[in-house]
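Novice: This is a predicted model, with the sequence first.
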Amino acid sequence: MDQHYQKWSELAPRGLLMIGAGVSIVGHATVLRARRKPTWKWVFFGILGLIVLNSGVSLFGESMKHRTLYESKLGL
C-alpha cells in the first residue's frame, strides 16, 4: 500500500475524533460558565478544548496533504 494512503487512513479518523472531542470540551466549558462555576474551571476546560480542537484540525489537515499527494501520484 502507498505510504501517503497509509498516512491518510491513519490521520484522518484521529483528526476527526479530536475535532469532535475539542468541540465537546469547549461546549462543556460554555455550560460551566453559564452556570457561574468558578472561573478557573471553565477557563481550564475552554483552553483544553481549544488545544484538542486545534490539534484535531492540524491532524486532519496533515491527512488531507497525504491524500492529495496520493491522488496526484495516481493522476486523479
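Specialist: Good, I have the coordinates. Computed from a predicted structure; not experimentally measured.

Novice: List the residues that contact the closest residue to Gly27 other than its chain neighbours.
Specialist: Excluding its sequence neighbours, the residue lying closest to Gly27 (C-beta to C-beta, 6 or more residues apart in numbering) is Gly49, at 7.8 Å. (Glycine included, C-beta is placed from N, CA and C.) Gly49 makes contact with Gly22, Val23, Ser24, Ile25, Val26, Gly27, His28, Ala29 under the criterion C-beta atoms under 8 Å, 6 or more residues apart in numbering.

Novice: The same query, at a cut-off of 7 Å, please.
Specialist: Contact analysis of Gly49 by C-beta atoms under 7 Å, 6 or more residues apart in numbering lists Gly22, Ile25, Val26, Ala29.

Novice: so what's the second one closest to, chain neighbours aside?
Specialist: Which is Ile25. Excluding its sequence neighbours, the residue lying closest to Ile25 (C-beta to C-beta, 6+ apart) is Gly49, at 3.2 Å.

Novice: what about Ser58, distance to Ile25?
Specialist: For Ser58, the distance to Ile25 equals 16 Å [C-beta to C-beta, to the nearest Å].

Novice: more neighbours, the two?
Specialist: Using other C-beta atoms under 10 Å as the criterion, Ser58 and Ile25 rank with Ile25 on top: 19 against 14.

Novice: Can you give the distance of the helix or strand where that one lies from its chain's centre?
Specialist: Element membership for Ile25, per DSSP states H and E: helix 3-34. Distance of helix 3-34 from its chain centroid, counting by C-alpha atoms, centre = their mean, to the nearest Å, is 3 Å.

Novice: Kindly calculate the angle that the helix or strand where Ile47 lies makes with helix 3-34.
Specialist: Using DSSP H and E, Ile47 sits within helix 39-74. Computed by axes from the mean of the first three to the mean of the last three C-alpha atoms, to 10 degrees, the angle separating helix 39-74 from helix 3-34 equals 160 degrees.
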